[in-house]
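Student: Coordinates for the following, if possible.
(one chain, ligands or ions: 1)
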Amino acid sequence: MNTDKKQLTGFDLKQLTQWIKELGEPAFRAKQVMEWLVKGYDFNEMRNLPADLIVKLQNNAVAQPATVLERHVSKNDGTEKLLFNLDDSHTVEGVVMRYKHGITFCLSTQVGCAMGCAFCASTLQGRLRNLTAGEMTGMVYLANRMVKPDSISNIVLMGSGEPLDNYDEVLAFLRLISSKESLNIGARHISLSTCGLPDKIRALADEKMQVTLSVSLHASNDEVRKQIMPIAKTHSIKSVLDAAKYYLEQTGRRVVFEYALIQGINDHIDHARELASLLRGMQSHVNLIPLNDVKERNLRASTKAQVEAFLSELTRLKISATVRRQLGDDIFGACGQLRAKRLGTSFADSAGDER
Ligand code: SAH
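Tutor: Model (predicted):
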């Protein structure tokens, strides 16, 4: 990272005003600069600034801490997968998804991930570093510029990384992106997906931010969960659910549970019953996800019939559940797949990994 230059997309208007004043410039310039940053513009495109100020800004700061390195558009559904390049040449992914209700942007929160889930390509090389609030905000601005004349209405923190393992920067990002001077995307239009870190879920609940909490559960008991998610060895399902209930109490927001159906691992009808009893009485919604196959680890998606049966059983037991539509599977839409492809790594390369 270019540490001596400030990432201006990480500042709110107050911080930016302070910084501009320290540069010896009048405070009103901060508002002008902020407006351009939010539009995803670089300094040399900021047309209402004097040339000497632009040079000053270029010498002391970066306007957009990420650039778009690759852009893949799905022929099937218009989903766009973006590969961003960061100042230190690390790359992370983002996905633009077009729904009837608007445009959702899926954002990464870390380069790589430390959580080691057996089915996830993001974690193949571990966590390389956290993303800063400025980088996350900057990627949303760039994506938003790219979809013009439309605009991004929803954000999901479901790219690579574990958002709650980068708590402070993610929280700063949430505050920024939902502020009036930024894109004003309300917390209710933002989902944060986590493998389930109970203390951090409680901390987020205490912020009372109205962000939708999505918990990647993927199993109905600890034995199965430990097979596919190493974090289950540290935190039991019960401790995760207790924290999720606390989140619901503090925010009034129903919690979403992600459940990727993996053939022969977690997709038996008894698992559906067990899941239903775990969630009974809790305001929640289950998102069933057809697994993106990981052949190297012999993890395969459940069949359509198994997915249907699992869904029907949950519905019969009065648990709110739907199957998530798959978007962009012709462009390496799943977590970490595009970056892994570029790096030349895949599950096959890491077969001997201890993760
Ligand atoms: N670390 C966070 C957010 C990133 S992953 C979390 O664990 O929730 C976003 C979602 O994609 C998670 O639910 C994750 O479990 C899921 N996912 C990862 N790899 C997948 C695959 N091969 N098939 C289906 N879903 C996958």
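
Student: Contact partners for residue 247?
Tutor: 201, 202, 204, 205, 213, 253, 255 (Cβ atoms under 8 Å, 6 or more residues apart in numbering). For glycine as for every other residue, the C-beta is placed from the backbone atoms N, C-alpha and C.

Student: and if you look at residue 256?
Tutor: 191, 212, 213, 214, 215, 284, 285, 286, 287.

Student: For the stretch 51-200 of the chain, list the residues in contact with the ligand, please.
Tutor: For the stretch 51-200 of the chain, the residues found near the ligand under the criterion Cβ under 6 Å from any ligand atom are 115, 117, 119, 120, 158, 162, 193, 194, 195.

Student: Inside strands: which ones of the contacts of residue 247?
Tutor: Using DSSP state E, the subset of the contacts of residue 247 located in strands is 213, 255.

Student: and the contacts of residue 247, which two are the farthest apart?
Tutor: 202 and 253 (14.2 Å; Cβ to Cβ).

Student: For those two, indicate the residue with more neighbours.
Tutor: More crowded of residue 202 and residue 253, by other Cβ atoms under 10 Å: residue 253, with 18 against 15.

Student: ok now do that one, which residues does it touch?
Tutor: By Cβ under 8 Å, 6+ apart, the neighbours of residue 253 are 188, 210, 211, 212, 213, 247.

Student: out of those, who has the most neighbours?
Tutor: Neighbour max across the contacts of residue 253 (other Cβ under 10 Å) = residue 211, 26 neighbours.

Student: Tell me the spacing between it and the ligand.
Tutor: From residue 211 across to the ligand, the span is 13 Å (Cβ to the nearest ligand atom, to the nearest Å).

Student: hang on, the earlier thing: would JSON lines of the contacts of residue 253 with distance to residue 312 be doable?
Tutor: Below are those laid out as JSON lines (distance: Cβ to Cβ, whole Å):
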{"residue": "188", "distance to residue 312": "30"}
{"residue": "210", "distance to residue 312": "32"}
{"residue": "211", "distance to residue 312": "31"}
{"residue": "212", "distance to residue 312": "25"}
{"residue": "213", "distance to residue 312": "26"}
{"residue": "247", "distance to residue 312": "28"}
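
Student: Closest to the ligand out of the residues you listed?
Tutor: Ranked by distance to the ligand (Cβ to the nearest ligand atom), those are led by residue 213 at 10.2 Å.

Student: I'd say that closest one and residue 194 touch.
Tutor: Yes. The pair residue 213 / residue 194 is scored as a contact, 7.3 Å apart, by Cβ atoms under 8 Å.

Student: Count the neighbours of residue 281 for me.
Tutor: 7.

Student: Can you report phi and psi for it?
Tutor: phi 80, psi 0 (degrees, to the nearest 10).
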